[in-house]
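>>> Fold the following, please.
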Amino acid sequence: MSTIDELERALHYPLGERLPHQGRAMELAPGVKWLRMHLPFSLNHVNLWLLRDRFQGRDGWSVVDTCIDRPQARADWESVFETGLEGLPLLRVFATHMHPDHVGLAHWLCERWNAPLWMSAADYQTARYACEVVNSFGGERQAEFFRSHGMTDPGDLAQVRLRRNYYRNLVPAVPPSYARLTGGARVDIGGQSWRCIAGYGHSPEHMALYCEQRNILISGDMALPRISTNVSVYEIEPEGDSLTLFLDSIEGFRALPPDVLVLPSHGKPFTGLHTRVSQLQDHHRERLHEVMQAARHKPVCAYDLLPLLFKRTLDLHQTTFALGESVAHLHHLWHTGQLARTRDAQGAWRFAPM
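I've put the predicted structure just below:
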């Protein structure tokens, strides 16, 4: 039995193996529906959530997250409009954070339904920046950042330089205005109070939503049942300590009831949140130990650590996420005083014990 299988056995999946059909909404509870849309990546789906709502005197639905902008996703949404909304409109679009699979179609949904976008200020502004500025999540600066952490293959660096429109290809536009979500604030959705829980490290200001009346947590990407959330350092904040931010954030979920139903952005709805938090903390603790052991052997750069941290073969798309996560682990150890960093003769950052 694999380690992943063993970890999953410690969680409970109330729906078993049931999944929504493509372009259809599955009811989880009265006024709560689950959509599952395909992604053309190794992580091949994203979960979206419809919540029955009444907003500004109108009855309808709010949706949490949107999928990337691609023809298949728009077609799936058209099917949902016909079969899943019970003849009612979309009233609001909530985005947990700014990553393309969560906000990519917000512009289209908001314009089509004259519905406002609700998300955090930091993620909204980052999405606007990434959508409107050439070279976001790619280009020369990103290539130089990766080179400074040990990526030296000219072909790989050339491909990173050519990814100048990566974000904009998936998120061609962002709504021109939004309503701000803040950590600790409460939002009335359909007569029920949902509390915003801010999370950091995965995105600038991720917002999960918790409803005490229903004991439901829409966790976004902060708590996933099968995979560990990507936690990366990016060129826009090159000395960031995203892993510490992430670990501190998920520790806050322990304040929620242990039997809360978690609706994650990837994977299946589950219970066992406290167990999953411990699993994720253990996962990163083990990776940090491996990084320290490698650094004790010889000074290391982030690119050196990819085979250690990621046992599978990575394509370039996966390598960009993996390298950002490798930097995040090194930076955690650096910011906590366990490693020091110096530039080597090739200009790459190398880390060794203090």
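>>> C-alpha from now on. contacts and neighbour counts both.
OK.
>>> mind listing what Pro20 touches?
Residues in contact with Pro20 (Cα atoms under 8 Å, 6 or more residues apart in numbering) are 26, 34-36.
>>> Number of residues surrounding Phe81?
By the criterion of other Cα atoms under 10 Å, Phe81 has 18 neighbours.
>>> Then Leu35?
Neighbours around Leu35, by other Cα under 10 Å: 24.
>>> and it, that's in a strand?
Yes. Membership of Leu35 in a strand is supported by DSSP: H, G, I helix; E, B strand; the rest coil.
>>> Tell me what it is bridged to.
Residues in a beta bridge with Leu35, per DSSP bridges, are Leu48.
>>> hey, where'd the helices end up in the stretch 1-150 of the chain?
3-9, 71-83, 100-103, 106-113, 121-132, 139-147 (DSSP state H, counting those that start in this stretch).
>>> Quick one: the ones you listed as CSV, columns for mean pLDDT and distance to Ser278 too.
Below are these laid out as CSV (pLDDT from 0 to 100; distance: least, Cα to Cα, whole Å):
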stretch, mean pLDDT, distance to Ser278
helix 3-9, 76, 11
helix 71-83, 98, 34
helix 100-103, 98, 26
helix 106-113, 98, 33
helix 121-132, 94, 27
helix 139-147, 93, 31
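>>> From His97, how far out is the nearest residue to Gly31 once chain neighbours are set aside?
The shortest distance from Gly31 to any non-neighbouring residue, by Cα to Cα, 6 or more residues apart in numbering, is to Arg52 (4.6 Å). Arg52 sits 21 Å away from His97 when distances are taken as Cα to Cα, to the nearest Å.
>>> again, but for Gln213
For Gln213 relative to His97 (Cα to Cα), the value is 24 Å.
>>> and those two? which has more neighbours close in?
Between Gln213 and His97, His97 has the larger neighbour count (other Cα under 10 Å), namely 28 against 9.
>>> I'd say the more buried one and Ser203 touch.
Yes. If you go by Cα atoms under 8 Å, His97 and Ser203 touch, sitting 6.6 Å apart.
>>> returning to what we had before: hey, what's the residue nearest to Gly31 bridged with?
Residues in beta-bridge contact with Arg52 (DSSP bridges): Trp61.
>>> if I read this right, it contacts Arg58, doesn't it?
No. The criterion here is Cα under 8 Å, and Arg52 misses it with Arg58 at 11.1 Å.
>>> which stretches of the stretch 251-354 of the chain form strands?
261-264, 339-343, 349-353 (DSSP state E, counting those that start in this stretch).
>>> OK, contacts around the nearest residue to Glu27 once chain neighbours are set aside?
In space, and not counting its chain neighbours, Glu27 is closest to Lys33: 4.3 Å by Cα to Cα, 6+ apart. If you count contacts by Cα under 8 Å, 6+ apart, Lys33 has them with 25-27, 49-51.
>>> circling back to that earlier point, mind checking which of Arg52 and Arg58 has more residues around it?
Arg52 (21 against 12).
>>> how much space is there between the more buried one and Arg276?
For Arg52 relative to Arg276 (Cα to Cα), the value is 28 Å.
>>> cool, and Gly324?
From Gly324 to Arg276 the distance is 23 Å (Cα to Cα).
>>> Ile236 too?
Distance from Ile236 to Arg276, by Cα to Cα: 30 Å.
>>> which one of those two has more residues nearby?
Taking neighbours as other Cα under 10 Å, Ile236 and Arg276 compare with Arg276 leading, 22 against 12.
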